[in-house]
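# Structure for the following, please:
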Amino acid sequence: MQDRQLYEQILGIRSPWYVERVELQMDKGKGAVRVYLDHQQDQPWPCPECGQECGLYDHQPERQWRHLDTCQYQTILHASPPRTNCSEHGIKVVKLPWAEPGSRFTALFERLAIDWLKVASQKAVAEQLQLSWDEIHGIMDRAVERGLKRRKAEPMTHIGVDEKAFRKGHRYLTLVNDLDRSRVLYVAEDRKQSSLDGFWPTLTEEQRGGIQAVAMDMWDPYVASTKEHLPDADKKIVFDKFHIAKHLSEAVDQVRRQENRQLRSEGDDRLVGSKYQWLRHPANFAADAWRKFKSLRESSLKTARAWALKETAMTLFTYVYTGPARSYFDRWYSWSSRCRLKPMIEAGRMLKRRLDNILTFITHRITNAVSESLNAKIQWVKYTARGFRNQRNFINAIYFHCGGLDLAP
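As a prediction, the model looks like this:
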């Protein structure tokens, strides 16, 4: 078998294309196999827009595409892409069977890079394949663009709205996640109402109508956007119980810090080094640590009172009926109002204002735990990339790794 026939088989080249010649180029110990492609003459070409067969108009200048390596040598394809003159769409470059439009790599090479990028850092893949940062980002960008175009209007019942810090200095991204399929549906810059507003037009009317519940933090811009675009949003918004626990824990920590300063001025070090004991969930204590914590949590300290308020507040999420849960909260709120601990009083008032969409948890039983899991994966992506130069690259990396997209060329 001659080299031309061999590379036609290897590359899957079919009529009207054929391998015109193959050259081995050696340059200072680094070689490259260069494969030159041509096509049969008087060949009609389908318009890339409508598929109508048209005559040849002209050719673009010769272009190059990197292919999978041949042994230890890089393999480069050379060809001059034909252009057609469609009566409806005008002059267009025909679709090439070995590469996506605008790419400098063959489809097989991009598939290899995509598979590696799913499991390794961008730096490692770039070094292994001898690619620049811009080339790596180009492969990822094209993959994400393909995946988003292929995404179908599937029904979704439970979604989560969350935020992710891009950099220090209060720069955030807004994320919308499919809680049932554990995937990112939408990413936008900032965390304004307009950030979430851009998500709703991406859904069909059937998809919007099929959403049963939306888990989110108690962030007014997200609430306003959801109420504006989602039917019966008042009954579907569920304030995430883990974010509520976080707000209560922050209030407990404020009480602890204030009391610790006062006690230390009096020579009492009981609260020194106890921060994470007050913040840890009781189920996460080892038996020995829980016993040691007993003297603190059963003491007359203000922090112990704040901790008890936090833990009893979370009992609200064990109820199965809204009426009894509301009655329980009223009793808890009465206690928090009289506790003489300003951070807990403020936390109680916040929960009372938001009570209706806290109690929707009893109906829908959803949390943003899936969103937190995706956030952990996004943090891994951010760490392995050693940060991102701009938000657009970060957003595409999120879609690439967490969007559940069909990325292959």
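# now the closest residue to residue 65 other than its chain neighbours, which residues is it bridged with?
In space, and not counting its chain neighbours, residue 65 is closest to residue 77: 4.5 Å by CB to CB, 6 or more residues apart in numbering. Glycine gets a C-beta too; all of them are placed from N, C-alpha and C. When assigned by DSSP bridges, residue 77 has beta-bridge partners residue 35, residue 65.
# Against residue 12, how distant is residue 77?
Here residue 77 is placed at a distance of 12 Å from residue 12 (CB to CB, to the nearest Å).
# so what sits against both of the two?
Common neighbours of residue 77 and residue 12, using CB atoms under 8 Å, 6 or more residues apart in numbering, are residue 98.
# The two - which one has more neighbours?
The residue with more neighbours, out of residue 77 and residue 12, is residue 77; 24 against 12, by other CB atoms under 10 Å.
# picking up where we left off before, from what I can see the residue nearest to residue 65 touches residue 64, true?
Yes - Residue 77 lies in contact with residue 64 (CB atoms under 8 Å); the separation is 6.8 Å.
# in what helix or strand does residue 327 lie?
Element membership for residue 327 (DSSP states H and E) is helix 322-337.
# go on, residue 135?
Assessed by DSSP H and E, residue 135 sits inside helix 133-150.
# contacting residues around that helix?
In this structure, residues lying in contact with helix 133-150 by CB under 8 Å, 6+ apart are 100, 102-105, 110, 113-114, 117, 122, 125-126, 131, 393, 396-397, 399-400, 403, 405-409.
# Ok, stretch 98-107 next?
Contacts of stretch 98-107 (CB under 8 Å, 6+ apart): 11-13, 48, 64-68, 77, 93, 95, 108, 110, 113, 135, 138-139, 142, 146, 409.
# please redo it, this time with the cut-off set to 10 Å
11-13, 17, 37, 48, 63-68, 75-77, 79, 81, 93-97, 108-113, 129, 131, 135, 138-139, 142-143, 145-146, 408-409 (CB atoms under 10 Å, 6 or more residues apart in numbering).
# tell me which residues of that stretch are tucked away?
Neighbour counts over stretch 98-107 (16 or more other CB atoms under 10 Å) mark 98, 99, 100, 103, 105, 106, 107 as buried.
# for the protein, what's the longest helix?
helix 241-265 (DSSP state H).
# Can you name every helix or strand that that helix contacts?
Applying 3 or more CB pairs under 10 Å, 6 or more residues apart in numbering; DSSP states H and E, one finds that helix 241-265 makes contact with strand 213-216, helix 275-279, helix 302-314, helix 342-353, helix 355-364, helix 369-384.
# could you check the angle helix 133-150 makes with the helix or strand following the last one?
On the C-terminal side of helix 369-384, the closest following helix or strand by DSSP H and E is helix 391-402. An angle of 60 degrees separates the directions of helix 391-402 and helix 133-150 when computed by axes from the mean of the first three to the mean of the last three CA atoms, to 10 degrees.
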